[in-house]
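Enquirer: Here is the input, now give the coordinates:
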Amino acid sequence: MNIDEQIKSWVVFLTQKEMDRYKKEWDREKKEKLKSIHEKKYLNAENAAKYLDMSRTSFWKWRKDNHVKCYRLGDNMVRFKKSDLDEIAQSKEVS
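Expert: From the prediction side, this is the model:
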């Protein structure tokens with residue numbers, strides 16, 4: 001096999017449709033990775049309550065009374081920053 005044949009065997013030719021499909025797949029994988037990183041930094045109410053070892057009802061009362069800072073991500077999505085929850089957990093231990 002000469003060098004030209006070897007180079008041709010390494011080159012992959014993709015149609016525009018295939019390239020678009022691979023780009024979408026790559027974008028989806030990238031979003032999933034970012035989402036998992038984001039979810040580690042921010043928790044939903046159920047997981048935040050578990051993180052603080054309290055009931056969801058108590059947690060929502062704390063939120064209502066502004067003891068817990070929340071972050072709105074869109075109309076219906078509320079998240080709680082883990083670092084804020086850590087501060088609350090430390091103050092619970094002290095008191």
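Enquirer: Average pLDDT for the longest helix along the chain, rounded please.
Expert: Counting residues, the longest helix found in the chain (DSSP state H) is helix 16-41. For helix 16-41, the mean per-residue pLDDT is 78.
Enquirer: Show me the strands in this structure, by range?
Expert: 42-43, 71-72, 78-81 (DSSP state E).
Enquirer: The last one pairs with which strands?
Expert: The sheet places strand 78-81 alongside strand 42-43 (antiparallel), strand 71-72 (antiparallel), with pairing taken from DSSP bridges.
Enquirer: any chance of these in JSON lines, with distance to residue 84 too?
Expert: In this view, the C-beta of every residue, glycine as well, is placed from N, C-alpha and C. Shown next, in JSON lines, are those (distance: least, Cβ to Cβ, whole Å):
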{"stretch": "strand 42-43", "distance to residue 84": "10"}
{"stretch": "strand 71-72", "distance to residue 84": "9"}
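Enquirer: so can I have CSV of these showing distance to residue 81 and mean neighbour count?
Expert: Below are these laid out as CSV (distance: least, Cβ to Cβ, whole Å; neighbours: other Cβ atoms under 10 Å):
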stretch, distance to residue 81, mean neighbour count
strand 42-43, 6, 20
strand 71-72, 6, 10
